[in-house]
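Asks: Below are the sequence and a predicted model for it; my questions follow.
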Amino acid sequence: MAFESLTDRLQGAMSKLRRKGKVSEADVKEMMREIRLALLEADVNFKVVKDFTKRVSDRAVGVEVLESLSPAQQIVKIVDEELTATLGTETVPLNKSPKIPTIIMMSGLQGAGKTTIVGKLAKHLMKTENARPLLIAGDVYRPAAIEQLKVLGQQIDAPVFDMGTDVSPVEIVRQGLAQAAENKNDYVFIDTAGRLHIDEALMDELKQIKELANPDETLLVVDGMTGQDAVTVAESFNEQLDISGVIVTKLDGDTRGGAALSIRAVTGKPIKFVGTGEKLTDLEVFHPDRMSSRILG
Ligand code: GDP
């Protein structure tokens, strides 16, 4: 890691306290400064940092110094618990439709990892549930995206529905869903187009697809390496599209995962999976407590 871990920082800031009986307000203030800096370095949004440090300091003042734990350890524990709570506490599974198919629509900016996630999730469900998914190629603006989805489909042995690039995505989805009904697919993944930036045309198209497909999941895929931008993207997609869950990709780098914390806090929507590499097996179910440990370092 490029920076000192939050745990180390807190222990450093607290080392003077070892012989005290109680954690004072001044002690907590000093620690909160460390926590604030560390979270900002880990790319957590400043508003989220503010709320978070307030909650931790409310709990930390007056902490009795126990024989068994140093004050720093106790504060680290409080920080860990609050981080885990902010991240959602529990793992949230994918929504499932009571009757087939369960429809999963992807959204996000170009390059976030949507197409890759379709392949990863489909493979995951085929393995864990014996699923028979249909993948719909709805990104008509980037011919390479359709090709990419077809290659993924071949790799995992799942059918891909495409109509090339001359038909509107809404029509492709309509016909793709009809095909899924005919073939009795139990999952349908809708890959959609992304742009480099959020724009009205993109959102309008996504809204139309959502209205037509009435998906069980509207997942937002965000690039975990984009830090603060990821928060803006998540806020905007959630406002316009009312997403049901988030997937944070590219957490295989040395990013701390601060984006995950911010996204969850700002949207209130659960993070369901994380992408940890380019391979189709690089998918992990999201665990709030593990992400908290990662942020703590
Ligand atoms: P889309 O435009 O949103 O469909 O994004 P793609 O699925 O095409 O992914 C964009 C690039 O990011 C590709 O080169 C992927 O291999 C890469 N990518 C996707 N997910 C991950 C991940 O979790 N880790 C890493 N390192 N690369 C990823």
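Replies: Okay, I see it.
Asks: Can you list the low-confidence ranges for the stretch 1-150 of the chain?
Replies: 1-4, 13-22, 62-70 (pLDDT under 70).
Asks: Would you mind naming what in it lies close to the ligand?
Replies: Proximity of the stretch 1-150 of the chain to the ligand is confined to 108, 110-116, 148 under the rule Cβ under 6 Å from any ligand atom. For glycine as for every other residue, the C-beta is placed from the backbone atoms N, C-alpha and C.
Asks: and the residues you listed, which two are the farthest apart?
Replies: Greatest spatial distance among these (Cβ to Cβ): Gly108 and Gln148, at 14.7 Å.
Asks: Which of the two has more residues huddled nearby?
Replies: Gly108 (26 against 18; other Cβ atoms under 10 Å).
Asks: residues touching that one, list them.
Replies: 114, 194, 220-222, 233, 237 (Cβ atoms under 8 Å, 6 or more residues apart in numbering).
Asks: Ala180 too?
Replies: 101, 134, 161, 188.
Asks: can you tell me which two in those residues are farthest apart?
Replies: Farthest pair in these (Cβ to Cβ) is Pro101 and Phe161. Separation: 12.2 Å.
Asks: Give me the common contacts of these two.
Replies: Common contacts of Pro101 and Phe161, defined by Cβ under 8 Å, 6+ apart, comprise 134, 180.
Asks: the more surrounded of the two?
Replies: Set Pro101 next to Phe161 and count neighbours by other Cβ under 10 Å: Phe161 wins out with 24 against 21.
Asks: Touching, that one and Gln179? I think so.
Replies: Yes - Phe161 lies in contact with Gln179 (Cβ atoms under 8 Å); the separation is 5.5 Å.
Asks: Find residues that contact each of these two.
Replies: Counting by Cβ under 8 Å, 6+ apart, the residues touching both Phe161 and Gln179 are Leu134.
Asks: Where is pLDDT lowest across the contacts of Gly108?
Replies: Here the lowest pLDDT out of the contacts of Gly108 sits on Gly194, with 90.
Asks: What helix or strand is Lys150 located in?
Replies: Following DSSP states H and E, one finds Lys150 within helix 143-156.
Asks: And that helix, what does it pack against?
Replies: Using 3 or more Cβ pairs under 8 Å, 6 or more residues apart in numbering; DSSP states H and E, the elements in contact with helix 143-156 are helix 114-129, strand 133-138, strand 160-161.
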